[in-house]
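Enquirer: have a look at this fold, sequence not included:
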């Protein structure tokens, strides 16, 4: 560490930059700490932009010639971590109301100008993913991760204020909620010397859990158990999909919010989903103004306007069948889609975005999907062809929420499980909830990172989570 020992002032408590920028007690001594964004100046004065992560805004340190030794100033470079004690004064320049007239600087950590990758020149998103350990220091990712925090706070506050209970579901599980088999296995076995039976199947008797176990794809099934006891619950935690999808919308590890509510039907479920997502958007507009203003200027010029637009009117609600008719009519009029449209297809993002962005120009809740493209636990409609599913479709994103009214009838649920050949040995506990005091109930899942894509205006899901996990990428 280096000190300007001539005028080092001791005993002044650090002030976060977000708080320092709001001070008006000019002439008082202040201590700010952070990382240098830029340094410029001439032989008479130096100007240092300092940021500590508490806000997107920097505070300017003014260093008059002779006030700080040259030996210290030469190490005050972009990326260096410093502490500055000085006098709070009104700013003489545009862009900030206060600045600090430096009296002493302590260097906590140097940053070699020839090696530090975050110099003043712009960096591509692809390059920043390669240095994910440093990208939170950029303006863009500082803004994104502060918004991520605020969205987490909004989620907990929304459900807590509505009387929901935060329920912790297991990360390690033996059941596949979605039935797709795209799960990461968890084992303590020696993978180079696996015991197998006469059919070539792995024997798990000597494994930690004594059976095949995996990382969860969803906490929904366990959440349903809790809802049948506590009434209204929500989960919020990491989930995992071993899906080999290299797209801007998929991650192998992501966070999910999954409320489950006893006695709610599909319409209650739609109401809850709309209220919830509007609450989160409003929270962002109220509590992340500086960060949203920056992202609106630098990343997506229409971001704030789009956020405000989803609050203005009720979401459009229509059955899947009607949505297919609209898409087929668009194709008949010359609209080109990459993927075909027909009743029974699983809508692609381009179809969802057409309904939202071009046809209705409003978020859409699509309901009553064909049962063949939805999960086994969804309540079947009387037509025998569709289930009481709902997907909330958003501009720029497509599907942002997926949910349903759950099948409460034991025999119907059992029949569906058998039709899909889901191993009963893994589902006995789930079926018990339909044997002992079954009740109508509904729920949905919101991918946290997809919400963040919408709220931040970022275009790649890898850029709204600190350390993205994707195929062949598990760095940091």
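Expert: Arrived safely, thanks for sending. Predicted, not measured: the structure shown is a model, and the values here were computed from it.
Enquirer: leaving out the residues flanking it, which one is nearest to residue 146?
Expert: Counting by Cβ to Cβ, 6 or more residues apart in numbering, residue 146 lies nearest to residue 291, which is 5.4 Å off, once chain neighbours are set aside. Quick note: C-beta positions are derived from backbone N, CA and C, even for glycine.
Enquirer: swap that for residue 222, sorry
Expert: Spatially, and ignoring its direct neighbours in sequence, residue 222 is nearest to residue 169 (4.1 Å; Cβ to Cβ, 6+ apart).
Enquirer: show me the beta-bridge partners of residue 236.
Expert: Listed by DSSP bridges, the beta-bridge partners for residue 236 are residue 257.
Enquirer: ditto for the one 4 residues further on
Expert: On the basis of DSSP bridges, residue 240 is bridged to residue 253.
Enquirer: and the pLDDT at it?
Expert: Listed pLDDT for residue 240 reads 95.
Enquirer: for it, what are its contacts?
Expert: 183, 184, 215, 216, 217, 252, 253 (Cβ atoms under 8 Å, 6 or more residues apart in numbering).
Enquirer: can you tell me how far it sits from residue 254?
Expert: According to Cβ to Cβ, to the nearest Å, residue 240 stands 8 Å off from residue 254.
Enquirer: one more: residue 116?
Expert: 31 Å.
Enquirer: the two: which is more packed in?
Expert: Using other Cβ atoms under 10 Å, the more surrounded residue of residue 116 and residue 254 is residue 254, with 19 against 15.
Enquirer: got a list of what that one touches?
Expert: Counted by Cβ under 8 Å, 6+ apart, residue 254 has contacts 238, 239, 241, 447, 448, 449, 461, 465.
Enquirer: ChimeraX command for the buried members of those residues?
Expert: The buried residues among the contacts of residue 254 can be selected in ChimeraX (16 or more other Cβ atoms under 10 Å) with this line:
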select :239,241,447,448,449,461,465
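Enquirer: so which of the contacts of residue 254 belong to strands?
Expert: Using DSSP state E, the subset of those located in strands is 238, 239, 447.
Enquirer: check contacts around the residue nearest to residue 222.
Expert: By Cβ under 8 Å, 6+ apart, the residues touching residue 169 are 216, 219, 222, 223, 235, 237.
Enquirer: in JSON lines: the residues you listed, plus distance to residue 397.
Expert: Listed next are the contacts of residue 169 as JSON lines, based on distance: Cβ to Cβ, whole Å:
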{"residue": "216", "distance to residue 397": "23"}
{"residue": "219", "distance to residue 397": "22"}
{"residue": "222", "distance to residue 397": "27"}
{"residue": "223", "distance to residue 397": "23"}
{"residue": "235", "distance to residue 397": "21"}
{"residue": "237", "distance to residue 397": "21"}
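Enquirer: got the phi and psi for the closest residue to residue 92 other than its chain neighbours?
Expert: Excluding the flanking residues, the one nearest residue 92 by Cβ to Cβ, 6+ apart is residue 99, at 7.7 Å. Per-residue torsions, residue 99: phi -150, psi 170 (degrees, to the nearest 10).
Enquirer: quick one: residue 99 and residue 46, what's the gap?
Expert: With distances taken as Cβ to Cβ, residue 99 is found 12 Å from residue 46.
Enquirer: which neighbours do these two have in common?
Expert: By Cβ under 8 Å, 6+ apart, the residues touching both residue 99 and residue 46 are residue 62.
Enquirer: these two: which is more packed in?
Expert: residue 99 (22 against 19).
Enquirer: okay, now the unreliable bits of the stretch 51-200 of the chain?
Expert: 176-181 (pLDDT under 70).
Enquirer: try it again at 80.
Expert: Within the stretch 51-200 of the chain, the segments meeting pLDDT under 80 span 93-95, 120-122, 175-181.
Enquirer: next: the stretch 301-450 of the chain.
Expert: 423-426.
Enquirer: all strands of it, in order?
Expert: 316-319, 364-370, 386-394, 398-405, 441-447 (DSSP state E, counting those that start in this stretch).
Enquirer: list the contacts of the longest one.
Expert: So that's strand 386-394. Counting by Cβ under 8 Å, 6+ apart, 265-266, 269-270, 273-274, 277, 310, 315, 319-321, 352-353, 355-356, 363-371, 374, 378-381, 399-405, 444, 454 sit against strand 386-394.
Enquirer: try 6 Å this time
Expert: 266, 270, 273, 352, 356, 363-371, 374, 378-380, 399-405, 454 (Cβ atoms under 6 Å, 6 or more residues apart in numbering).
Enquirer: what about the strands in the stretch 51-200 of the chain?
Expert: Ranges of strands within the stretch 51-200 of the chain are 59-64, 81-90, 98-109, 165-166, 172-173, 185-186, based on DSSP E, counting those that start in this stretch.
Enquirer: of all those, which one comes closest to residue 344?
Expert: strand 172-173 (30.6 Å; Cβ to Cβ).
Enquirer: can you list the strands that the closest one pairs with?
Expert: The strands beside strand 172-173 in its sheet (DSSP bridges) come out as strand 213-215 (antiparallel).
Enquirer: now do the strand it pairs with, average pLDDT.
Expert: Mean predicted lDDT for strand 213-215 stands at 93.
Enquirer: tell me how far the closest residue in space to residue 53 that isn't next to it in sequence lies from residue 354.
Expert: Closest residue in space to residue 53, ignoring its immediate chain neighbours: residue 142 at 6.0 Å, by Cβ to Cβ, 6+ apart. Using Cβ to Cβ, residue 142 is found at 35 Å from residue 354.
Enquirer: would CSV of the strands of the stretch 301-450 of the chain with distance to residue 110 be doable?
Expert: Shown next, in CSV, are the strands of the stretch 301-450 of the chain (distance: least, Cβ to Cβ, whole Å):
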stretch, distance to residue 110
strand 316-319, 56
strand 364-370, 54
strand 386-394, 45
strand 398-405, 44
strand 441-447, 41
